[in-house]
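**Student:** dropping a prediction and its sequence here:
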Amino acid sequence: MRRISIIGSGQAGLILAHSLVGRGYDVTLYSDKTADEWLHASRPTGTAYLFAESLQIERDIGIDHWSNTMHKGQGMHVEMPLPDGSLLSIVARTARPGGAVDQRMKFHRWMNDLDDLGGRIVIETVDVAAAERIAAQSDLTILAVGKGDLGRIVARDPARSVYERPARNLAMGIVTNIKGWESRSGITAVKYSKLPFGEIFWVPFTHKTAGPSWSFIVEAIPGGALDKFGGAASGPEVVETVRGLVREFAAWDEENVGAMRYVEGDDLGWLVGAFPPTVRQAFGRLPSGALVVPVGDSAITFDPIGGHGGNNASHHARHLADEIIARNVMPFDAAWATEMWERYWESRGRHAYRFNNMFLESDTPGLATLLQASARDPRVADAMLGGNVMTPRNFFPWIESAAETESMIAAVQAQWDVQRA
């Protein structure tokens with residue numbers, strides 16, 4: 001039985017651990033938190049809205065305990081002020097619902113279940129010396145530590161990483177008493193207000209104790225008008241700041257969120273911070289030369305703007321599990337790690353990273369063309385935006401060019417005309 005060690009108890013690490021334990025692997029998960037500490041003494045790692053494809057990964061390995069009862073989202077609703085004072089509005093439906101379930105609740109359940117299924121859990125803050133000890137005892141060592149310092153063992157890939165510094169300063173919080181946008185959207189949607197100096201998102205959320213609620217994410221261009229959270233000291237303070245920003249810059253949303261309240265009884269239900277979107281190498285080496293392989297945020301760190309961080313973690317964990325199983329008794333060496341990583345990068349990683357980053361940029365004419373067409377024609381919004389967002393490779397290569405995007409839209413509309421005739 002091959003010994004797999006996973007350092008990190010977040011989404012990617014736990015999905016990978018459950019995938020491998022279910023196939024008979026000897027798995028040890030190293031976590032700096034107990035299951036109860038995740039539930040009661042931790043901040044959320046983010047909103048982590050998952051598309052239906054990602055929820056299916058959890059279902060396939062028997063760890064989806066929430067999708068039937070979660071606060072579901074049926075798509076996205078984008079609003080953007082135009083220079084003439086009007087408001088561009090897009091509603092894009094997805095074929096199947098997604099949602100954001102409080103990850104602290106998920107990790108608590110998954111850690112307890114992993115222990116019951118025969119996986120070993122070691123509570124330890126792993127530094128480089130501990131990683132050396134772990135690697136010496138393992139056939140393969142996986143880094144699933146997200147954005148932590150230990151993840152720097154795997155070097156940044158300068159050819160694939162677009163950003164050297166954060167493109168947005170971030171604030172996230174969980175709130176209740178949101179009116180919602182169903183009267184405008186027609187669906188429960190991820191609401192997205194795109195402003196000249198950043199973005200404000202409202203995400204259907206399922207809180208660990210409050211249940212159906214909402215999470216907001218403010219994506220502030222550094223130094224811009226939304227960048228007001230640097231000194232925040234509490235969740236209620238963050239909420240009041242967001243309330244003021246909506247009143248001043250996104251007044252069309254004030255009636256929907258004006259009565260919001262910070263989630264009761266959860267002092268840790270908020271975050272502020274910043275990090276650059278980063279792609280790392282296929283593997284790293286410890287000082288001894290032992291190989292370590294990253295997964296999830298340790299491999300690709302996404303800005304939350306496009307919603308692909310948590311989704312990538314799930315897909316990458318499934319990919320890595322499949323590759324480990326396919327390797328059978330062959331060694332987990334550098335050649336394997338490189339080939340495995342390139343397969344994932346080409347099949348999903350590079351498309352998700354590029355599409356996600358497009359929302360951070362102002363000069364992506366293909367995306368702008370798609371958004372404008374989606375505002376004019378709900379069929380385009382549903383089929384080409386909502387229909388592809390779960391599978392970002394479907395946007396490429398046409399979305400890299402305004403002309404190719406226009407041609408793709410015209411071809412899809414022509415096909416509808418033929419079907420209708």
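**Tutor:** Done, it's in.
**Student:** tell me how this protein divides into domains.
**Tutor:** Domain segmentation of the chain under automatic domain parsing yields 3-44+103-163+278-358, 72-100+167-273, 365-420.
**Student:** can you give me the end-to-end span of the first one?
**Tutor:** From the first residue to the last, domain 3-44+103-163+278-358 extends over 40 Å; the measure is C-alpha to C-alpha, to the nearest Å.
**Student:** ok, back up a step: between the domains of the chain, which one is closest to Ala52.
**Tutor:** domain 72-100+167-273 (3.6 Å; C-beta to C-beta). Where you see a C-beta, it was placed from the backbone N, CA and C, and this is true even at glycine.
**Student:** averaged pLDDT, that closest one. What do you get?
**Tutor:** The predicted model assigns domain 72-100+167-273 a mean pLDDT of 97.
**Student:** still on that earlier bit, looking at the domains of the chain, which is nearest to Glu53?
**Tutor:** Using C-beta to C-beta, those put domain 365-420 closest to Glu53, at 4.8 Å.
**Student:** so how far is that closest one from its chain's centroid?
**Tutor:** 23 Å (C-alpha atoms, centre = their mean, to the nearest Å).
**Student:** can you name the element that comes right after the longest strand along the chain?
**Tutor:** When the chain is scanned for its longest strand (criterion: DSSP state E), the result is strand 87-101. Next in sequence after strand 87-101, counting helices and strands by DSSP states H and E, comes helix 103-117.
**Student:** using PDB, write down the CA coordinates of the longest strand of the chain.
**Tutor:** Provided in PDB are the C-alpha atoms of strand 87-101 (Å, rounded to 0.1, in the frame of the first residue of the first chain):
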ATOM      1  CA  LEU A  87     -26.900  50.700 -16.100                       C
ATOM      2  CA  LEU A  88     -25.800  47.800 -18.200                       C
ATOM      3  CA  SER A  89     -27.400  44.700 -16.800                       C
ATOM      4  CA  ILE A  90     -26.800  41.000 -17.600                       C
ATOM      5  CA  VAL A  91     -28.500  37.900 -16.100                       C
ATOM      6  CA  ALA A  92     -26.700  34.700 -17.100                       C
ATOM      7  CA  ARG A  93     -28.300  31.400 -15.900                       C
ATOM      8  CA  THR A  94     -26.400  28.200 -15.300                       C
ATOM      9  CA  ALA A  95     -27.900  24.900 -16.200                       C
ATOM     10  CA  ARG A  96     -27.400  23.500 -12.700                       C
ATOM     11  CA  PRO A  97     -27.200  25.400  -9.400                       C
ATOM     12  CA  GLY A  98     -24.100  26.200  -7.500                       C
ATOM     13  CA  GLY A  99     -23.500  27.500  -4.000                       C
ATOM     14  CA  ALA A 100     -21.100  28.600  -1.300                       C
ATOM     15  CA  VAL A 101     -21.200  26.500   1.900                       C
END
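**Student:** which neighbouring elements make contact with that strand?
**Tutor:** Other helices and strands packing on strand 87-101, by 3 or more C-beta pairs under 8 Å, 6 or more residues apart in numbering; DSSP states H and E, are helix 52-60, strand 72-81, strand 198-207, helix 365-376.
**Student:** what angle do the third one and helix 103-117 make?
**Tutor:** What that stands for is strand 198-207. 50 degrees (axes from the mean of the first three to the mean of the last three C-alpha atoms, to 10 degrees).
**Student:** kindly report the same for the first one.
**Tutor:** Our comparison of helix 52-60 with helix 103-117, counting by the same axes, to 10 degrees, yields an angle of 30 degrees.
**Student:** mind listing the helices for the stretch 201-350 of the chain?
**Tutor:** Assigned helices in the stretch 201-350 of the chain, in chain order: 235-249, 254-257, 309-327, 334-344, 350-358 (criterion: DSSP state H, counting those that start in this stretch).
**Student:** most neighbours per residue, which of those?
**Tutor:** Of the helices of the stretch 201-350 of the chain, the one with the most neighbours on average (mean count of other C-beta atoms under 10 Å) is helix 309-327, at a mean of 22.
**Student:** pLDDT of that helix, averaged?
**Tutor:** 97.
**Student:** you'd agree Ile15 is up against Arg59?
**Tutor:** No: under the criterion of C-beta atoms under 8 Å, Ile15 is not in contact with Arg59, lying 11.5 Å apart.
**Student:** neighbour count winner among those two?
**Tutor:** Using other C-beta atoms under 10 Å as the criterion, Ile15 and Arg59 rank with Ile15 on top: 28 against 13.
**Student:** ok, the more buried one - contacts?
**Tutor:** By C-beta atoms under 8 Å, 6 or more residues apart in numbering, the residues touching Ile15 are Ile57, Glu58, Ile61, Ile63, Ala313, Ser314, Ala317, Arg318, Ala321.
**Student:** quick check, nearest of those to Pro158?
**Tutor:** Nearest to Pro158 among the contacts of Ile15 is Ala313, at 22.8 Å by C-beta to C-beta.
**Student:** list the contacts of the closest one.
**Tutor:** Ala313 neighbours (C-beta under 8 Å, 6+ apart): Gly10, Gln11, Ala12, Ile15, Val295, Gly296, Asp297.
**Student:** what's the neighbour count on the second one?
**Tutor:** So the one you mean is Gln11. Applying other C-beta under 10 Å, we find 31 other residues in the vicinity of Gln11.
**Student:** once you drop chain neighbours, what's closest to it?
**Tutor:** Among residues not flanking Gln11 along the chain, Ala313 sits closest, at 4.5 Å (C-beta to C-beta, 6 or more residues apart in numbering).
**Student:** on that earlier part again, got a markdown table for the helices and strands packed on strand 87-101, with distance to Phe283 too?
**Tutor:** Below are the helices and strands packed on strand 87-101 laid out as a markdown table (distance: least, C-beta to C-beta, whole Å):
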| stretch | distance to Phe283 |
| --- | --- |
| helix 52-60 | 23 |
| strand 72-81 | 35 |
| strand 198-207 | 34 |
| helix 365-376 | 33 |
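**Student:** pick the most buried one from these.
**Tutor:** strand 198-207 (a mean of 24).
**Student:** parallel or antiparallel, list what pairs with that strand.
**Tutor:** Strand 198-207 pairs in its sheet with strand 87-101 (parallel), strand 190-195 (antiparallel), strand 211-220 (antiparallel), by DSSP bridges.
**Student:** the longest strand of the chain vs strand 72-81, what angle?
**Tutor:** 150 degrees.
**Student:** what residues sit buried inside strand 87-101?
**Tutor:** Ile90, Val91, Ala92, Arg93, Thr94, Pro97, Gly98, Gly99, Ala100, Val101 (16 or more other C-beta atoms under 10 Å).
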